[in-house]
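> sharing a sequence plus its predicted fold:
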Amino acid sequence: EVLLVQSGGEVKKPGESLKISCKGSGYTFSGYWVAWVRQVPGKGLESLGIIYPGDSDTRYSPSFRGQVTISVDKSTNTAYLQWTKLKASDTAIYYCARRGYEKLAVLDRWGQGTQVTVSS
Amino acid sequence: QSALTQPRSASGSLGQSVTISCTGTDDDIGGYDYVSWYQQYPGKAPQLIIYDINKRPSGVPARFSGSKSGTTASLTVSGLQADDEAAYFCSSYAGSQIERFGGGTKLTVL
């Protein structure tokens, strides 16, 4: 069974750093792009960026370039999303999702989501 | 880049059909035949229900169908059932391996 399991919820203060994770199993992790998607409660979905574990090719949505860093550890089948200085506006649920094999804009498996709360 | 535009809400009676629109630009929907739709229940992760404009993943009922004309994509849910009540999000490829999402439509089954 294909699974993406994300790390638990986090409560942080503005200015702090954070790294959340997404561990894939049940498929060849290195062969599928992994996307990160943000959802502010009651709002739509936003694509932060995407990484190809096979060669660490990483692309960012223009709105999030420089705001977050996406990385991967192939040895543990884990993708990461990190911030160096959190802001209150980063409060949201963050999902990782697998892109369908050789597909574009098709996220066929999703993690359970990680709630990130940034508050002083 | 702006999000794709969806109506905030839609509704239909049990057994009827409802269509949800998703409007973009030539840089996304109008430029590529890669439109997907996702269903999301409260407190749950989104789930893929339509990809490549009108294809259904295994297990998704044929009551869900998609189409595209110009810069607007549409999702039609036929034979509405109670458990179709959920939020629906569209997405389109927007180049450079990035997808763009819509703001979501809350579907109410009357």
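Yep, it's here.

> for residue B:76, list each beta-bridge partner.
Per DSSP bridges, the residues bridged to residue B:76 are residue B:19, residue B:65.

> tell me the contacts of it?
By CB atoms under 8 Å, 6 or more residues apart in numbering or on different chains, the residues touching residue B:76 are B:17-20, B:64-67. (Glycine included, C-beta is placed from N, CA and C.)

> mind putting those into JSON lines with neighbour count and pLDDT?
Converted to JSON lines, the contacts of residue B:76 look like this (neighbours: other CB atoms under 10 Å in any protein chain shown; pLDDT from 0 to 100):
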{"residue": "B:17", "neighbour count": "13", "pLDDT": "97"}
{"residue": "B:18", "neighbour count": "19", "pLDDT": "98"}
{"residue": "B:19", "neighbour count": "13", "pLDDT": "98"}
{"residue": "B:20", "neighbour count": "23", "pLDDT": "98"}
{"residue": "B:64", "neighbour count": "19", "pLDDT": "98"}
{"residue": "B:65", "neighbour count": "20", "pLDDT": "98"}
{"residue": "B:66", "neighbour count": "22", "pLDDT": "98"}
{"residue": "B:67", "neighbour count": "14", "pLDDT": "97"}
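
> got CSV for those residues, with distance to residue A:104 too?
Converted to CSV, those look like this (distance: CB to CB, whole Å):
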residue, distance to residue A:104
B:17, 29
B:18, 27
B:19, 24
B:20, 22
B:64, 20
B:65, 20
B:66, 15
B:67, 18
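
> most distant residue from the middle of chain B?
In chain B, the greatest distance from the average C-alpha position (CA atoms, centre = their mean) is reached by residue B:96, at 21.8 Å.

> that one: what secondary structure?
coil (DSSP: H, G, I helix; E, B strand; the rest coil).

> got the phi/psi numbers for the residue lying closest to it once chain neighbours are set aside?
Spatial nearest neighbour of residue B:96, excluding adjacent residues (CB to CB, 6 or more residues apart in numbering or on different chains): residue A:59 at 5.5 Å. Reported as degrees, to the nearest 10, the phi and psi values for residue A:59 are phi -130, psi 140.

> also residue B:29?
Torsion angles, degrees, to the nearest 10, at residue B:29: phi -60, psi -40.

> repeat that for the one 10 residues further on.
With angles defined as degrees, to the nearest 10, residue B:39 shows backbone torsions of phi -110, psi 140.

> got the contact list for residue A:42?
By CB under 8 Å, 6+ apart, no residues touch residue A:42.

> please read the previous query as pertaining to residue B:97.
Residue B:97 is in contact with A:33, A:50, A:57, A:59, A:104, counting by CB under 8 Å, 6+ apart.

> what's the burial count for the nearest residue to the third one once chain neighbours are set aside?
The shortest distance from residue A:57 to any residue that is not its chain neighbour, by CB to CB, 6+ apart, is 7.0 Å, and that residue is residue A:51. The tally of other residues near residue A:51 (other CB atoms under 10 Å in any protein chain shown) stands at 23.

> same question for residue A:83.
As a burial measure, residue A:83 scores 18 neighbours (other CB under 10 Å).

> for it, give its distance to residue A:13.
Separation of residue A:83 from residue A:13 (CB to CB, to the nearest Å) stands at 12 Å.

> identify the bridge partners of residue A:38.
residue A:46, residue A:94.

> helix or strand: which one has the residue positioned nearest the centre of chain A?
Computing the C-alpha centroid of chain A and ranking residues by CA atoms, centre = their mean puts residue A:36 first, at 3.2 Å. Here residue A:36 is covered by strand A:34-39, with elements defined by DSSP states H and E.

> kind regards, and thank you for your time.
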